[in-house]
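# here is my input; please provide its structure:
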Amino acid sequence: MTNYWWANQSDNFEQVEGTLWTNFVNEGGARRPGAAALGNTRPGDVVFHCDKQLIKTVSIIVSDPVTAYRPPAYQSRQSGSDTDEGWLVLVKPLVTDLRINRREELSSVELGGTGPLNKLGGLKRGVYLSPIPEGSAEKLLAISGVEVPDIPEMDLDEYAQPFSDAGLAGTDKLVLAKRRVEQHYLRSILLQESETKCSICHREVPENLLVAGHIKPRWACSEEERKNFLSIAMLICLLGCDSLYERGLIAVDARGNVTRTSQSVTPDVDRLLDALAGNECLAHNGSTADFFQWHRGNTFVG
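Next up, the predicted model:
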């Protein structure tokens, strides 16, 4: 059964495409009403995204909710710190160029009750995510001209990442979404924070040649580490650096400099490794240093 939701995203709307997030409590310590709602979503649910009085996007949820620290794009819009915990959900937009005026379409959405509007037709204050009845959703979908696709069965052999022997934690549910969805989210966060340069070779390349490479493999990260999206990954290019780092032929030392394996590979690869050695890693800082140290001690072919 598909559930339908209304997300009030206000001025934050343009910055957070592809995600829904809200912290568990507000600055006063009171639980946010939208947090419980977001925790009850599931893949295949449909979301209507409202920016002030306009419904601008209809999306489909593609991941289970997971606990995560506040994503960077949400920093300036809500009270709290960057280590606030909340629910994170990934969504895939179905249509993004809508301009449905909620005031003109009040007949499509119930007033009062558990929905987003009060009895006078205004938005309920402080409510981030609200359920809307199937009948109301069908009217809005008809206005939008959107047909909701079925979520395909996940091919875990193709998309799931390997696990350690430890029991699965909350963020492991995110693996049930296609890896490219999570990759897109991580990459979009990193691109907001830095230039389109590879962290290892410093080459400026098109965005589609940069990936969010995990500094420490996701399966090896603790639950706490997985919540810190800015620290678990770096922008790294597909022109060779990603493969060299993943295979342990290069690493980043404690000073933040790229170091190469002492073993000889082939003359051509050796020349490439020599050219990278000594580069300052653009992603090395106080919050990523421990992740690079893990890679150096467990993956690097010294």
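# check the secondary structure at residue 245 for me.
Using DSSP: H, G, I helix; E, B strand; the rest coil, the structure places residue 245 in helix.
# no no, residue 297
helix.
# any idea of the pLDDT on it?
For residue 297, the pLDDT comes out at 95.
# do residue 161 as well
31.
# again with residue 88
84.
# for the residue lying closest to it once chain neighbours are set aside, give the beta-bridge partners.
Once flanking residues are discounted, residue 88 sits nearest to residue 68: 3.8 Å by Cβ to Cβ, 6 or more residues apart in numbering. For every residue, glycine as well, the C-beta is placed using N, CA and C. For residue 68, the residues forming beta bridges with it (DSSP bridges) are residue 86.
# now do the same contact list for residue 288.
Contacts for residue 288 (Cβ atoms under 8 Å, 6 or more residues apart in numbering) come out as 215, 231, 234.
# in what helix or strand does residue 293 lie?
Using DSSP states H and E, residue 293 falls within helix 289-298.
# ok, and for that helix, which residues are buried?
Of the residues in helix 289-298, 289, 291-296 count as buried by neighbour count, 16 or more other Cβ atoms under 10 Å.
# could I get it in PDB with only the CA atoms?
The C-alpha trace of helix 289-298 is given here as PDB (Å, rounded to 0.1, in the frame of the first residue of the first chain):
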ATOM      1  CA  ALA A 289      42.100  12.000   9.600                       C
ATOM      2  CA  ASP A 290      41.000   8.900  11.500                       C
ATOM      3  CA  PHE A 291      39.200   7.500   8.400                       C
ATOM      4  CA  PHE A 292      42.400   8.000   6.400                       C
ATOM      5  CA  GLN A 293      44.400   6.300   9.100                       C
ATOM      6  CA  TRP A 294      42.100   3.300   9.000                       C
ATOM      7  CA  HIS A 295      42.600   3.000   5.300                       C
ATOM      8  CA  ARG A 296      46.400   3.400   5.700                       C
ATOM      9  CA  GLY A 297      46.500   0.600   8.300                       C
ATOM     10  CA  ASN A 298      44.100  -1.800   6.700                       C
END
